[in-house]
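>>> sequence isn't available, so here's the structure alone:
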């Protein structure tokens, strides 16, 4: 299996639709959701033409991304974003990219940018 173009974390309605859009445009997408049954259910509904694979840990997801790694967060704004970023910092390398696609306040974004 080749590595994915991007990883997406958070498979609520917006995250699922974003993954489908990327896959339908020809991108390979790895997905992770804290609730693994959500990941499994979502992936089971995708087609063979959509290059989408689910992972049950952040490490598995990150290990299966092309470098520089690109990880998009579609999780609820607030402490959940901080938790995931802190977990990702140990798994990502210099030059890798974290994209917060949620509804984060700009001052939280500024603080997180300085931290990473």
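Here it is on my side, so go on. From a predicted model like this one, the values you see are computed outputs, not experimental measurements.
>>> now the one helix or strand in the chain whose mean pLDDT sits lowest: buried residues?
The least trusted helix or strand in the chain, going by mean pLDDT, DSSP states H and E, turns out to be helix 106-115, with a mean of 78. For helix 106-115, a neighbour-count test (16 or more other Cβ atoms under 10 Å) marks 108, 112 as buried. From N, CA and C alone the C-beta is placed, and that goes for glycine too.
>>> check stretch 33-45 too.
33, 38-39, 42-43.
>>> any chance of those residues in JSON lines, plus distance to residue 52, pLDDT and secondary structure?
Output for those, formatted as JSON lines (distance: Cβ to Cβ, whole Å; pLDDT from 0 to 100; DSSP: H, G, I helix; E, B strand; the rest coil):
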{"residue": "33", "distance to residue 52": "12", "pLDDT": "97", "secondary structure": "coil"}
{"residue": "38", "distance to residue 52": "14", "pLDDT": "97", "secondary structure": "helix"}
{"residue": "39", "distance to residue 52": "10", "pLDDT": "98", "secondary structure": "helix"}
{"residue": "42", "distance to residue 52": "8", "pLDDT": "98", "secondary structure": "helix"}
{"residue": "43", "distance to residue 52": "6", "pLDDT": "97", "secondary structure": "helix"}
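>>> which among those gets closest to residue 100?
Nearest to residue 100 out of the buried residues of stretch 33-45 is residue 33 (Cβ to Cβ; 16.3 Å).
>>> do I have it right that that closest one meets residue 11?
Yes. Counting by Cβ atoms under 8 Å, residue 33 sits close enough to residue 11 to count as a contact (4.1 Å).
>>> so where do the helices sit in this structure?
In the chain, the segments counted as helices under DSSP state H are 13-24, 36-44, 58-63, 79-89, 106-115.
>>> by how many degrees do the first one and helix 36-44 diverge?
Put plainly, it is helix 13-24. On the basis of axes from the mean of the first three to the mean of the last three Cα atoms, to 10 degrees, helix 13-24 is oriented at 40 degrees to helix 36-44.
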